[in-house]
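Asks: Output the structure for:
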Amino acid sequence: MGITSSPTRHTVTEPAARPVPRLAGWALTALLAFWGVGAIGGGAYLASAPDGSNIGFELDLLEGTPFPDFLLPGLILLTLGVAAVALAAVLGRAVHRRTAPSWMRPILILTAVGIDAWILGEIAFLWSTVAAMPEADRNFFYVFWAVYVALSVLIGLLTWRVTRRDSGD
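Replies: A predicted model of the protein is given here:
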């Protein structure tokens, strides 16, 4: 924000809206929406049955993590999902208008970091437990993690592209 003055009055001006690159903006909007909807579903499933029964997980999966059950991880994932979907809606509107409000940059970056932290934290906490599973179950987690690591990296790269100071196509 800046302050401009004239001999008779002072006005506060908001930072100018920033241009949004169209292709990267739409791609990021779609990926945030996809990730967010999945996170809302997964978080709701985990939180609604903290013993893991409705998603087919045993509490043993959480051994070695700071969580006694799936309630808190479910709520965290649900919150990240709602944030990602809401941000995708706001970003979609910004892309359509070709400008984004100045507050969107830090929120996009924070969301991308949250998404990256979620998947990397999940892998770090569950790696040993998953490694001891039967091959089919282990492979499911490895493929799931590979897809979501790739997705989170892509979200991070697109966030960087969309939030660069010189954004624009």
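Asks: use CA for all of it now, contacts and neighbours both
Replies: Will do.
Asks: quick one: buried residues of the helix or strand hosting Leu157?
Replies: Applying DSSP states H and E as the criterion places Leu157 in helix 135-163. By neighbour count with 16 or more other Cα atoms under 10 Å, helix 135-163 contains the buried residues 138, 141-142, 145, 148-149, 151-156, 158-163.
Asks: Show the contacting residues for the spatially most central residue of the chain.
Replies: Note on the chain: the residue nearest the mean C-alpha position is Ile115, at 3.7 Å, using Cα atoms, centre = their mean. Each residue near Ile115 by Cα atoms under 8 Å, 6 or more residues apart in numbering is listed here: 80, 152.
Asks: got it, and Ala27?
Replies: Under the criterion of Cα under 8 Å, 6+ apart, the neighbours of Ala27 are Leu158.
Asks: start the count at 535, not 1, going forward
Replies: That works, and once the first residue is 535, the last one we named lands at Ala561.
Asks: Run the angle between the host helix or strand of it and helix 669-697 for me.
Replies: Using DSSP H and E, Ala561 sits within helix 556-582. Here the directions of helix 556-582 and helix 669-697 differ by 140 degrees (axes from the mean of the first three to the mean of the last three Cα atoms, to 10 degrees).
Asks: quick one, the helix or strand hosting Arg639 and helix 556-582 angle?
Replies: Arg639 belongs to helix 638-665 when assigned by DSSP H and E. On the basis of the same axes, to 10 degrees, helix 638-665 is oriented at 50 degrees to helix 556-582.
Asks: Okay, buried residues for helix 638-665 please.
Replies: 638-639, 642-643, 645-650, 652-654, 657, 659-660, 664.
Asks: what residue ranges in the chain score low on pLDDT?
Replies: 535-552, 699-703 (pLDDT under 70).
Asks: which outside residues touch stretch 668-688?
Replies: Residues from elsewhere that reach stretch 668-688 (Cα under 8 Å, 6+ apart): 565, 646, 649-650, 653-654, 657, 664-666.
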